[in-house]
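Chemist: quick check, what structure comes out for this input:
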Amino acid sequence: MLSTLRDAWRIPDLRKKIIFTLLMLFIYRLGSFISVPYIDTAILAQYIQDGGMLGFYDIFAGGNFSNFTIFAMSITPYINASIIMNLLTFAIPALERLSKEGEEGRKKLAQYTRYLTVILALVQALGMTLTFQQIMTEKTWFTITLAILTITAGTAFLMWLGEQITENGIGNGISLIIFVSIISRLPFALKGLWEYVQVGTLNIFSLILFFLFALLVIVVVIAVQEGQRRIPVQYSKRVVGRKMYGGQSTHIPLKVNMSGVIPVIFASSITMFPATLANFFPNSGVANWIVKYFGWGTTVTTILYISLIIAFTFFYTAITFNPIEIANNLKKNGGFIPGIRPGRPTTDYINKSVTKLTLFGGIFLAAVATIPIILGNIMNVNLQFGGTSLLIVVGVAIESIKQLESQMMMRHYNGFLK
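Modeler: Now for the predicted structure:
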């Protein structure tokens with residue numbers, strides 16, 4: 001990884017992209033120190049100090065929620081808007097046609113996602129501000145409106161920042177913002193683990209086992225992300241004029257985990273929503289019931305979390321990988337899978353292979369994300385920085401390095417052609 005970064009730094013275009021990405025992420029972290037006016041964060045800290053769903057949400061927000069900064073809602077409204085738009089694309093024929101219109105169609109869908117993000121951000125900001133009126137030093141319509149508009153604008157700015165990184169920098173901007181948010185909370189997570197040791201909840205041996213488990217997760221995630229199944233492809237020989245073409249052997253590389261960490265991010269966002277919303281109403285009986293049964297680490301939430309991860313793994317793979325298109329391209333170019341007839345049988349074979357890999361990938365993501373939750377419940381320890389955080393951090397790092405490597409190869413290839 002370090003050699004890739006070093007080599008990329010030597011290429012002027014990539015160096016500019018790296019600097020731009022780092023600058024955008026620095027601006028994000030700089031904004032994390034700008035608090036919303038008229039807010040007493042000391043009172044808010046009492047809601048989060050016991051961990052639970054709000055504590056888990058604060059990790060994804062990079063501490064912006066506990067400090068009630070302009071980025072208090074983080075990028076969550078954008079993630080929710082993306083999920084809704086992806087689902088609507090399958091449900092509404094007009095949106096489905098739009099998604100198939102190439103670049104222009106994708107631009108329109110992206111614009112709709114932005115509009116929906118702002119609407120969701122306004123609703124969430126309204127609920128958050130009205131619920132936490134007790135943490136405001138001054139309760140007037142002006143201060144409440146100011147808080148709502150400030151954190152809504154903060155989310156809109158983060159959305160813009162993420163898109164700028166994606167278009168002009170390295171990696172997926174939204175994923176990198178979440179990556180930086182989680183990394184920024186790592187020192188606090190380590191401090192929390194050490195406090196468990198000091199009070200006797202954890203012993204040194206358990207702490208060492210935790211770090212060994214984290215190291216194992218990192219190694220396994222890298223292995224699975226890099227793993228692939230290669231379906232052999234043979235091209236038939238054909239004569240054009242006096243030259244013979246084809247007769248070559250190649251393969252179709254199918255990644256073990258095609259969806260990356262997107263299912264984990266989506267599933268986390270949805271799983272957090274009910275209990276996070278309920279935490280805003282501490283005096284409500286219904287809200288307390290939701291927190292009890294849908295709080296982070298409960299049996300119901302864990303089962304829901306596993307189900308959503310697997311479901312989103314299949315969903316995201318379905319919208320990014322098209323076996324029919326691959327089978328048709330093979331047929332047009334005279335390619336075939338040995339022992340499989342071209343056309344529908346090839347499509348079925350590829351689809352069956354992808355389904356098996358997707359099921360394994362979904363179960364793997366769910367296992368890594370939930371095992372630390374189960375262990376935390378057994379040991380009576382709140383492991384907020386657990387499998388989910390590790391999956392996102394490692395997954396985003398790998399995807400960013402892969403994109404950097406592909407851009408390096410493209411530039412070397414262009415240089416060769418010149």
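Chemist: would you mark the buried spots in stretch 109-126?
Modeler: Within stretch 109-126, the residues that qualify as buried by neighbour count (16 or more other CB atoms under 10 Å) are 109, 112-114, 116-118, 120-122, 124-126. C-beta here means a position set from N, CA and C on the backbone, and glycine is covered the same way.
Chemist: and what of stretch 216-231?
Modeler: 217, 221, 224-225, 231.
Chemist: sitting in strands, which of the buried residues of stretch 109-126 do you find?
Modeler: Among these, none falls in strands (DSSP state E).
Chemist: possible to save those residues as JSON lines with pLDDT?
Modeler: Shown next, in JSON lines, are the buried residues of stretch 109-126 (pLDDT from 0 to 100):
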{"residue": "L109", "pLDDT": "90"}
{"residue": "Y112", "pLDDT": "93"}
{"residue": "T113", "pLDDT": "93"}
{"residue": "R114", "pLDDT": "94"}
{"residue": "L116", "pLDDT": "94"}
{"residue": "T117", "pLDDT": "94"}
{"residue": "V118", "pLDDT": "94"}
{"residue": "L120", "pLDDT": "92"}
{"residue": "A121", "pLDDT": "92"}
{"residue": "L122", "pLDDT": "93"}
{"residue": "Q124", "pLDDT": "86"}
{"residue": "A125", "pLDDT": "89"}
{"residue": "L126", "pLDDT": "86"}
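Chemist: which pair of those residues spans the longest distance?
Modeler: L109 and L126 (26.1 Å; CB to CB).
Chemist: all helices of the stretch 201-350 of the chain, in order?
Modeler: 204-226, 262-279, 285-294, 299-320, 323-332, 344-379 (DSSP state H, counting those that start in this stretch).
Chemist: model confidence over the helix or strand just after the longest one, on average?
Modeler: To tie it back to what came earlier, the one meant is helix 344-379. For helix 344-379, the following helix or strand on the C-terminal side (DSSP states H and E) is helix 387-417. Average pLDDT, helix 387-417: 75.
Chemist: ditto for stretch 177-188
Modeler: 89.
Chemist: now stretch 14-26
Modeler: 93.
Chemist: show me what counts as buried in it.
Modeler: Those would be 14, 17-18, 20-21, 24-25, for stretch 14-26 by 16+ other CB under 10 Å.
Chemist: mind putting those residues into JSON lines with distance to M258 and secondary structure?
Modeler: As requested, the buried residues of stretch 14-26 are exported to JSON lines (distance: CB to CB, whole Å; DSSP: H, G, I helix; E, B strand; the rest coil):
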{"residue": "L14", "distance to M258": "26", "secondary structure": "helix"}
{"residue": "K17", "distance to M258": "25", "secondary structure": "helix"}
{"residue": "I18", "distance to M258": "27", "secondary structure": "helix"}
{"residue": "F20", "distance to M258": "28", "secondary structure": "helix"}
{"residue": "T21", "distance to M258": "24", "secondary structure": "helix"}
{"residue": "M24", "distance to M258": "27", "secondary structure": "helix"}
{"residue": "L25", "distance to M258": "27", "secondary structure": "helix"}
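Chemist: any stretches of this structure with poor pLDDT?
Modeler: 1-2, 46-53, 237-247, 276, 279-283, 380-385, 411-418 (pLDDT under 70).
Chemist: can you put the buried residues of stretch 14-26 in CSV and add distance to I204?
Modeler: Formatted as CSV, the buried residues of stretch 14-26 follow (distance: CB to CB, whole Å):
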residue, distance to I204
L14, 44
K17, 44
I18, 40
F20, 44
T21, 39
M24, 40
L25, 35
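Chemist: and which of the residues you listed is nearest Y293?
Modeler: L25 (37.3 Å).
Chemist: how about the contacts made by that closest one?
Modeler: L25 makes contact with 165, 176-177, 180, according to CB atoms under 8 Å, 6 or more residues apart in numbering.
Chemist: how about a cut-off of 6 Å?
Modeler: By CB atoms under 6 Å, 6 or more residues apart in numbering, L25 lies in contact with V180.
Chemist: now it: how far from R10?
Modeler: Distance, L25 to R10, using CB to CB, to the nearest Å: 22 Å.
Chemist: what's the closest of the buried residues of stretch 14-26 to A369?
Modeler: L25 (24.5 Å).
Chemist: against I170, how distant is that closest one?
Modeler: For L25 relative to I170 (CB to CB), the value is 11 Å.
Chemist: repeat for A156
Modeler: 23 Å.
Chemist: which one's more surrounded, those two?
Modeler: I170 (22 against 17; other CB atoms under 10 Å).
Chemist: the more buried one belongs to a strand, doesn't it?
Modeler: No - read with DSSP: H, G, I helix; E, B strand; the rest coil, I170 is coil and lies in no strand.
Chemist: surely it and I19 touch.
Modeler: No - using CB atoms under 6 Å, I170 is not in contact with I19, being 10.0 Å away.
Chemist: once you drop chain neighbours, what's closest to Y38?
Modeler: In this structure, Y38 finds its nearest non-sequential neighbour in T143, 4.4 Å apart by CB to CB, 6 or more residues apart in numbering.
Chemist: what's the helix or strand for the one you found?
Modeler: Per DSSP H and E: helix 141-168 holds T143.
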